[in-house]
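Student: model the following, please.
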Amino acid sequence: WTDLTNNVSGTAPEPREGMGFVSCQGMLYVFGGTNSNGESNFNDLYRLDPNSLTWTDLTSSASGLPPPARYHFGFASSDEKLFVFGGAINEGALNDLHEFDLAKLEWTDMTVGISGKLPAERGGV
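Tutor: Numbers count the residues shown, from 1 in each chain. As a prediction, the model looks like this:
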């Protein structure tokens, strides 16, 4: 193991827990989470290029409506897309589905277009 903390550049996400972390197309992505005391939840999106060790905050350059801030959710990737499902907010659990298109840098709420019965709300440790 090698500690890379002092070798990275760019704007790294602030410390958090319950965030999503996924690899897609050779890049690493961090979404959401909560601060250590649970008072602030996040819906920001960061990319780390593991070759250059550079963080990029994608939050302000993204179009569309991002998912509400959350923690302990499902986070997956497929082709050029990232997916956020469910999770917890301070008021309870969620069962929504959001897609982030990496080519367009665009969020889409997929919950509206889903047919069939949605899974029950879920989130937590």
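
Student: list the residues that contact the closest residue to residue 88 other than its chain neighbours.
Tutor: Spatial nearest neighbour of residue 88, excluding adjacent residues (Cβ to Cβ, 6 or more residues apart in numbering): residue 123 at 3.2 Å. Bear in mind the C-beta positions are built from the backbone N, C-alpha and C, glycine included. For residue 123, the contacting residues are 70-73, 86-89, 92-94, by Cβ atoms under 8 Å, 6 or more residues apart in numbering.

Student: same deal with residue 29?
Tutor: Residue 29 makes contact with 20-23, 45-48, 75, 77, 82 under the criterion Cβ under 8 Å, 6+ apart.

Student: and the next element down the chain from the helix or strand that it is a member of?
Tutor: If you go by DSSP states H and E, residue 29 is part of strand 27-34. Toward the C-terminus, strand 27-34 is succeeded by strand 41-49 as the next helix or strand (DSSP H and E).
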